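Trainee: What shape does this take:
(one chain, ligands or ions: 2)
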Amino acid sequence: MRAVVMGAGSWGTAVAKILVDAGTPTTIWARRPELAAQIDAEHTNTDYLSGITLPAGLHAASDVAEVLPDADIVVCAVPSQSLRANLTDWTPYLRPDATLVSLAKGIETSSLMRMSEVIAEVTGVGSERIAVLSGPNLAREIAEEQPAATVIACPDDARARALQDAFKNAYFRPYTNTDVVGCEIGGAVKNVIALACGMAGGVGFGQNTLATIITRGLAETIRLGITLGADMQTLAGLAGIGDLVATCSSPLSRNRTFGARLGEGATMQEAQAATNGQVAEGVKSCTSVRALAEKHGVSMPLTDAVHGVCHNGMSVTDAVSSLLGRSTKPEVYHD
Ligand SMILES: NC(=O)C1=CN([C@@H]2O[C@H](COP(=O)(O)OP(=O)(O)OC[C@H]3O[C@@H](n4cnc5c(N)ncnc54)[C@H](O)[C@@H]3O)[C@@H](O)[C@H]2O)C=CC1
Ligand SMILES: O=C(CO)COP(=O)(O)O
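Mentor: Numbering: from 1, shown residues only. Ligands and ions are numbered 1, 2, ... in the order given. As a prediction, the model looks like this:
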């Protein structure tokens, strides 16, 4: 099987390395020809993964028509809100039997769709050929070959197992699952909760606050996930609690870092500037996650608070007061 990774940001580049190190012939597509040339000739991606040497066997190109027609596995590695537009360009070049794998962790703001739904709608590909890869996978740690696991979810279990073979290597261990909804909701909501954890850290709160936000963030994730048909086991697994803990705790997380800047008093523009052009998905997805929850009658107070800070001019201290001022209740995940 041949793979192409569409997007040469930090995670796309790390995933291309994973695939080559797993023995899967892989090409990476970069929008900018100069970045493709750097990866191809110098085996580095200094903009996104400085200091990492990429495998010599990783080929890079910037022409969609060159890279897509050969690919059995098409890995979608662009930010959530740009996936639809990118897919529209890619669709004419897809092989009729290709498997599409989504890496993006977000909910489309314009449609409230999950990424696998966007892929199905734009490409017309059946859900059995669409998979999601999600887990506690901070790109830099994996590019450094630190051991990690992930989940590859696809309604077609045989296809998930074929992908598992294509991605598994000495430092990266994929588990299969058929619960696409659970993986996608876990991935999208944890970015919003990581923003909240960053904000708390930024104002100077410690580990008790962090653990409280992670745990109640998980309760929100479970409420929304179960309502949308997710399996509780997925949310208790790598793509749920696993990714939530990694992202909420790590200074490598763009979402947590963005939240920390806001907690320290930066404006949205200043926090955005500090991301060096990389995506902090939760900033946009807090709007769509909140709208999705509202549509389904699910209460998500942490998501509401993050949305208030990011989009309604609320201060972090006011957000904390609004959360602690709510009526008390038993500790359950459902309302
Ligand atoms: N970086 C990480 O540690 C991880 C990221 N993810 C998810 O993977 C997805 C991609 O993330 P990264 O590679 O980290 O993002 P990034 O911000 O580092 O790179 C995004 C890539 O997409 C390309 N792109 C194509 N069209 C674009 C457009 N219209 N607007 C902006 N960028 C465009 C950019 O040129 C760039 O190569 C996100 O949904 C993210 O949440 C998932 C797991 C780990
Ligand atoms: O998804 C991630 C880790 O699994 C990366 O999180 P950030 O996008 O916040 O860096």
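
Trainee: Please count neighbours and contacts with C-alpha atoms only from this point.
Mentor: Noted.

Trainee: how about the residues of the stretch 51-200 of the chain near ligand 1?
Mentor: Selection of the stretch 51-200 of the chain residues close to ligand 1 by C-alpha under 6 Å from any ligand atom yields Ala77, Val78, Pro79, Ser80, Ser82, Leu103, Ala104, Lys105, Asn137, Leu138, Ala139.

Trainee: For the residue lying closest to the last one once chain neighbours are set aside, grab phi and psi.
Mentor: What it means is Ala139. Of all residues not flanking Ala139 in the chain, Trp11 sits nearest, at 5.1 Å (C-alpha to C-alpha, 6 or more residues apart in numbering). The phi/psi pair for Trp11 (degrees, to the nearest 10) reads phi -80, psi -40.

Trainee: what's Trp11 in contact with, if anything?
Mentor: Counting by C-alpha atoms under 8 Å, 6 or more residues apart in numbering, Trp11 touches Ala77, Leu138, Ala139.

Trainee: Also Asp304?
Mentor: Asp304 touches Cys286, Arg290, counting by C-alpha under 8 Å, 6+ apart.

Trainee: give me the element it is part of.
Mentor: helix 301-311 (DSSP states H and E).

Trainee: Burial check on Asp165, number of neighbours?
Mentor: 16 (other C-alpha atoms under 10 Å).

Trainee: which stretches of the stretch 1-150 of the chain form helices?
Mentor: Using DSSP state H, counting those that start in this stretch, the helices of the stretch 1-150 of the chain run over 10-21, 33-42, 64-67, 80-90, 115-123, 139-143.

Trainee: For the shortest one, output the C-alpha coordinates as PDB.
Mentor: The C-alpha atoms that make up helix 64-67 are tabulated as PDB, following Å, rounded to 0.1, in the frame of the first residue of the first chain:
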ATOM      1  CA  VAL A  64      -1.800  17.400  -6.000                       C
ATOM      2  CA  ALA A  65      -2.100  15.800  -9.500                       C
ATOM      3  CA  GLU A  66       1.300  14.200  -9.000                       C
ATOM      4  CA  VAL A  67       0.800  12.800  -5.500                       C
END
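
Trainee: Can you give me the buried ones in that helix?
Mentor: Buried residues in helix 64-67, counted by 16 or more other C-alpha atoms under 10 Å: Val64, Val67.

Trainee: Which other helices and strands does that helix contact?
Mentor: strand 26-29 (3 or more C-alpha pairs under 8 Å, 6 or more residues apart in numbering; DSSP states H and E).

Trainee: For stretch 268-282, measure first residue to last.
Mentor: 13 Å (C-alpha to C-alpha, to the nearest Å).

Trainee: Check stretch 231-245 too.
Mentor: 19 Å.

Trainee: What residues does this structure have near ligand 2?
Mentor: Checking the chain against ligand 2 by C-alpha under 6 Å from any ligand atom, the hits are Gly135, Pro136, Asn137, Leu138, Asn191, Asp243, Thr247, Ser253, Arg254, Asn255, Arg256, Ala280.

Trainee: Which of those fall within strands?
Mentor: The strands, defined by DSSP state E, take in nothing from those.

Trainee: Between the contacts of Trp11, which sits nearest Gly265?
Mentor: Leu138 (25.7 Å; C-alpha to C-alpha).

Trainee: so which of the contacts of Trp11 would you say is closest to ligand 2?
Mentor: The shortest gap between ligand 2 and any of the contacts of Trp11 belongs to Leu138, at 4.0 Å (C-alpha to the nearest ligand atom).

Trainee: Ligand 1: which of the residues of the chain next to ligand 2 is nearest?
Mentor: Looking across these and measuring by C-alpha to the nearest ligand atom, the closest to ligand 1 is Leu138, at 3.6 Å.

Trainee: burial count for the closest one?
Mentor: 19.

Trainee: Include mean pLDDT when you put the helices of the stretch 1-150 of the chain into JSON lines, please.
Mentor: Listed next are the helices of the stretch 1-150 of the chain as JSON lines, based on pLDDT from 0 to 100:
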{"stretch": "helix 10-21", "mean pLDDT": "98"}
{"stretch": "helix 33-42", "mean pLDDT": "98"}
{"stretch": "helix 64-67", "mean pLDDT": "98"}
{"stretch": "helix 80-90", "mean pLDDT": "98"}
{"stretch": "helix 115-123", "mean pLDDT": "98"}
{"stretch": "helix 139-143", "mean pLDDT": "98"}
